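Undergrad: Predicted model, plus sequence, below.
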Amino acid sequence: MCKRILLYGFQDIVTEYLEYSQDAAEFVTKVSLENTGRRFTNVGTPKITMPVWCPPYSDYIAKHELFFDEGLTEQFDFSTDIFRPVQTVYVQTILRTAGD
């Protein structure tokens with residue numbers, strides 16, 4: 001029996017602006033496979049790429065959390081197997097300046 005693993009790369013992801021201050025920024029990204037007939041089996045940890053003109057990544061702290069629901073109450077870990085039929089996940093990103 002041959003097992004197939006399909007990997008998706010997403011671009012042009014829309015983010016919802018929730019909160020911003022000089023110390024922290026927070027936003028939630030909805031990632032959806034709705035209307036495709038497919039579902040998520042796991043979600044990898046987001047990778048951070050800093051633009052050349054930005055301060056080095058070590059000057060910032062980035063935290064990502066993964067949720068099943070838009071209300072951000074059903075959290076689960078990145079890269080764990082998902083056994084229920086999930087077509088939408090929400091990634092919360094929190095950015096804080098170093099020293100916070």
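TA: All right, it came through fine. Residues are numbered from 1 along each chain as shown.

Undergrad: Identify the residue spatially nearest to residue 38, adjacent ones excluded.
TA: residue 87 (7.3 Å; C-beta to C-beta, 6 or more residues apart in numbering). All C-beta spots, glycine's among them, are computed from the backbone N, C-alpha and C.

Undergrad: do residue 25 as well
TA: Nearest residue to residue 25, sequence neighbours excluded (C-beta to C-beta, 6+ apart): residue 95, at 4.6 Å.

Undergrad: List the residues that contact that neighbour.
TA: 24-26, 60-62 (C-beta atoms under 8 Å, 6 or more residues apart in numbering).

Undergrad: does it belong to a helix or a strand, and which?
TA: Following DSSP states H and E, one finds residue 95 within strand 88-97.

Undergrad: before we move on, back to that, pLDDT score for the residue nearest to residue 38?
TA: The model reports residue 87 with a pLDDT of 92.

Undergrad: Same check on the one 4 residues further on?
TA: Confidence at residue 91, expressed as pLDDT, is 93.

Undergrad: Make sure it is actually in contact with residue 29.
TA: Yes. Using C-beta atoms under 8 Å, residue 91 is in contact with residue 29, at 4.6 Å.

Undergrad: Pick out whichever of these two has more residues nearby.
TA: residue 91 (19 against 16; other C-beta atoms under 10 Å).

Undergrad: Okay, and the beta partners of residue 40?
TA: residue 86 (DSSP bridges).

Undergrad: which residues touch it?
TA: So residue 40 contacts 33, 82, 86-87, 89 (C-beta under 8 Å, 6+ apart).

Undergrad: Residue 91 now?
TA: Residue 91 neighbours (C-beta under 8 Å, 6+ apart): 28-29, 31, 43, 46, 64-67.

Undergrad: Out of these, which sit inside strands?
TA: 28-29, 31, 64-67 (DSSP state E).

Undergrad: By neighbour count, which of those wins?
TA: Most surrounded of these: other C-beta under 10 Å gives residue 66, at 23 neighbours.

Undergrad: so what's it up against?
TA: Contacts of residue 66 by C-beta under 8 Å, 6+ apart are 43, 75-78, 89-92.

Undergrad: Tell me the one of these nearest residue 52?
TA: residue 91 (24.6 Å; C-beta to C-beta).
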